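1. quick one: sequence and predicted model below, then my questions.
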Amino acid sequence: MNYFDSQRIENIAPLNEWIGMMEKALRLSIEPGSYVMPKRMHLDYGADTFLLMPCITDEYWVTKLVSFCPGNKSLGHPSIYGSVVLNDTKTGEPLAVMDGSAITAMRTAAVTAVGIRHLSPANSHSLGIIGAGTQGLWQAVFACSERAINEIWVFDQNRENLLHFAEKMKSRYPKIRVFQAADSSEVAMNSDIIICATNSQHPVFPDEKELFTNKTFIGIGSYKPDCREFPESLFRQVSHIFVDTLDGKKESGDLITPVKNNWIAENKIYSIGSLLADKSIQTPNPTRLFKTVGFALLDLFAAKLVYETHITQWQD
């Protein structure tokens, strides 16, 4: 059985192959009977959350185990740990164990890139990042591979995260200017595409209409009912919300709260898989929102990419 650490996962395939694989997963996600995926199990233990996420197709069976312990920051440890186990569906044979944090970061950023490809204007040139940790860094890396970004505005309350973010982005994209914003408002005002990668329980932006008009917003951090990244003003301006999975309507505060408060109708929430499959869904409103919560089929396709690329490289 193979083991893939974070370094191997991050470098095993080009970014466009990750994006292409996630687009395939999102298209498959709206095809009933093509996979079996139970609702993910949440185990809340005090302030900590533990997740169990299985999924199976004709080829592979994947199980992801994730822990989120916010107190880890004070201990000098990452907040998120995870493992992904890949099995052969036909025999049940275990094929690989993979670093779950790396799989999550790469597939989430690749899913965001799919959203950027299909929802943001092709001439978008400025990127905003709220939350400059590992997730935020990979979000920026993938976003810059999808659009001709020439400047990034980033905000994080942790200065070490900001310095690390700027250093890593400079090494990958030396021609892109990185600005450390004073607050989230400065990020929104200066960016065409804004990605939020936080664990906030309250909106990270002021509730001011002008911050959101004619921009593309992507939220990846709110994955529980008591978490939110966006204020009312954004939901009042969008015509639709696109999501990676409709299960998010019951999981994320950024979907539960606006529907409950009638800021947007529930029937205006679409899966992005539907948009990919049905170009008749119209998106004329230039203010757009893509919300991701993640689901196990994405992990399965990410693990498939890593494992099959490894086998091909080994055979060569």
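-> It's in. Numbering: from 1, shown residues only.
2. what about the helices in the stretch 201-316 of the chain?
-> Listed in chain order, the helices of the stretch 201-316 of the chain (DSSP state H, counting those that start in this stretch) span 232-237, 253-260, 272-277, 296-315.
3. out of those helices, nearest to Thr63?
-> helix 296-315 (8.0 Å; CB to CB). To be clear about C-beta, it is placed using only N, CA and C from the backbone, and glycine gets the same treatment.
4. list the buried ones in that closest one?
-> 296-307, 310 (16 or more other CB atoms under 10 Å).
5. mind putting those residues into TSV with distance to Leu86 and pLDDT?
-> Shown next, in TSV, are these (distance: CB to CB, whole Å; pLDDT from 0 to 100):
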residue	distance to Leu86	pLDDT
Ala296	12	96
Leu297	13	97
Leu298	14	97
Asp299	9	97
Leu300	8	98
Phe301	11	98
Ala302	10	98
Ala303	5	98
Lys304	8	98
Leu305	11	98
Val306	8	98
Tyr307	6	98
His310	11	96
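6. ok, those residues vs Asp44, which is closest?
-> Ala296 (19.0 Å).
7. who's in contact with the closest one?
-> Met37, Arg40, Met53, Pro54, Cys55, Val62, Lys64 (CB atoms under 8 Å, 6 or more residues apart in numbering).
8. what do you get for Arg117?
-> If you count contacts by CB under 8 Å, 6+ apart, Arg117 has them with Ile19, Glu146.
9. pretty sure it sits in a helix.
-> Yes - when DSSP: H, G, I helix; E, B strand; the rest coil is applied, Arg117 is found to be in a helix.
10. residue contacts, Phe68?
-> So Phe68 contacts Asp48, Thr49, Phe50, Leu51, Ser79, Ile80, Asn199 (CB under 8 Å, 6+ apart).
11. how many other residues sit next to the fourth one?
-> Look at Leu51: counted by other CB atoms under 10 Å, it has 19 neighbours.
12. nearest residue to it in space, please, no chain neighbours.
-> Nearest residue to Leu51 in three dimensions, chain neighbours excluded: Val66, at 4.3 Å (CB to CB, 6 or more residues apart in numbering).
13. in which helix or strand would I find the residue nearest the centre of the chain?
-> The residue lying closest to the centre of the chain (CA atoms, centre = their mean) is Thr108, at 3.3 Å. Using DSSP states H and E, Thr108 sits within helix 100-119.
14. who are the packing partners of the helix or strand just after that helix?
-> Using DSSP H and E, the helix or strand that follows helix 100-119 in sequence is strand 126-130. Helices and strands touching strand 126-130, as assessed by 3 or more CB pairs under 8 Å, 6 or more residues apart in numbering; DSSP states H and E, comprise helix 134-146, strand 151-155, helix 184-189, strand 193-196.
15. how far off centre is the last one?
-> Right, strand 193-196. Remark: strand 193-196 is offset 11 Å from the chain centroid, using CA atoms, centre = their mean, to the nearest Å.
16. about what we covered before: of the buried residues of helix 296-315, closest to Pro203?
-> Closest to Pro203 out of those is Leu298 (25.8 Å), distances taken as CB to CB.
17. distance check, that closest one against Met21.
-> Note on Leu298: its distance to Met21, by CB to CB, to the nearest Å, is 9 Å.
18. likewise Asn123?
-> Taken as CB to CB, the span from Asn123 to Met21 is 26 Å.
19. more crowded one of these two?
-> Met21 (23 against 8).
20. any weak-confidence spans in this structure?
-> For the chain, the stretches with pLDDT under 70 are 279-280, 316.
21. domains in it, as residue ranges please.
-> Following automatic domain parsing, one finds the domains of the chain at 2-103+297-315, 121-294.
22. quick one: those domains as CSV, columns for distance to Thr112 too.
-> Converted to CSV, the domains of the chain look like this (distance: least, CB to CB, whole Å):
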stretch, distance to Thr112
domain 2-103+297-315, 9
domain 121-294, 5
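23. which of those is buried the deepest?
-> domain 121-294 (a mean of 19; mean count of other CB atoms under 10 Å).
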